[in-house]
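Engineer: Here is a sequence together with a model predicted from it:
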Amino acid sequence: MAANIDIGKHGDKEKVMEFVDELPYEKIVGFVQDLGNEILSKIPDAVKADLVFEHVGSTSIKGMPGTWHPDAAIFTKELNPPKEVVTALLDTGFNFIGIGRLHKYDLWFVKPLHEGFLKGCICKIHVTKLGGDPANCVQEVRDTCRKEQWAFDSYKNSKVTAAKHLAEGNMMEYKKAKANCELLKKLHAKNNIVVPLDLNTLD
């Protein structure tokens, strides 16, 4: 089952479609850290020892414009996540919505946010194997943008250009246009990521 985020069901459409030139980076980092601590606190220490929780996506890159939705990842030791991870996510208010649209070994869990500065937004967590293609790709996008100016500019410029589609209420076209940048094309090819023609994702 391919993941499909129903904007009307999972978030406030106006907030979902809002493109922000300067996101409150530190506040979002704090939110993701607190969320990670809450999820991990529900997992037994023996299982937790083999997990890595990280902030990923556009909101993990300081100065990167984009939409409000924070992304994170739980990287697991094995391909199939421990049942304790799934239980902890469900207990924290996340719902499993399917396999990520870009890779079959990327599981998506989403949570509508109903309070605070992210009210109306959607938080997504990838659950995937550490060292696998999906994990490597989200880590490399973030880390390359943090370290190399050309990468930051490539991703930023593609997002700014693509933002017109959000203003028209078309998330799919925004995502397809955003993916058409030098950085993402390079890292997608390196990590066996294929962008489908019917892309519908908040990643």
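Structural biologist: Right, received. Where do you want to start?
Engineer: for this protein, which strand is longest?
Structural biologist: Ranked by residue count and defined by DSSP state E, the top strand of the chain is strand 122-129.
Engineer: Who are the packing partners of it?
Structural biologist: Taking 3 or more CB pairs under 8 Å, 6 or more residues apart in numbering; DSSP states H and E as contact, the helices and strands that strand 122-129 lies on are strand 71-76, helix 83-91, strand 107-112, helix 133-147. For glycine as for every other residue, the C-beta is placed from the backbone atoms N, C-alpha and C.
Engineer: in the first one, what's buried?
Structural biologist: By that I understand strand 71-76. The neighbour-count check on strand 71-76 (16 or more other CB atoms under 10 Å) flags 71, 72, 73, 74, 75, 76 as buried.
Engineer: how close does the spatially most central residue of the chain sit to residue 28?
Structural biologist: When the chain is reduced to its mean C-alpha position, the closest residue under CA atoms, centre = their mean turns out to be residue 71, at 3.4 Å. Counting by CB to CB, to the nearest Å, the gap from residue 71 to residue 28 is 10 Å.
Engineer: any common contacting residues for these two?
Structural biologist: Here residue 71 and residue 28 share the contacting residues residue 59, scored by CB atoms under 8 Å, 6 or more residues apart in numbering.
Engineer: hmm, back to that, what sits against the residue nearest to the centre of the chain?
Structural biologist: By CB under 8 Å, 6+ apart, the contact list for residue 71 reads 55-60, 123-126, 138, 202-203.
Engineer: ok, now residue 108?
Structural biologist: 3, 96, 97, 98, 99, 100, 124, 125, 126, 127.
Engineer: Would you tell me which one of those residues comes nearest to residue 156?
Structural biologist: residue 124 (20.8 Å; CB to CB).
Engineer: all helices for the chain, in order.
Structural biologist: Listed in chain order, the helices found in the chain under DSSP state H are 7-10, 13-16, 25-41, 45-48, 83-91, 133-147, 149-167, 171-178, 182-190.
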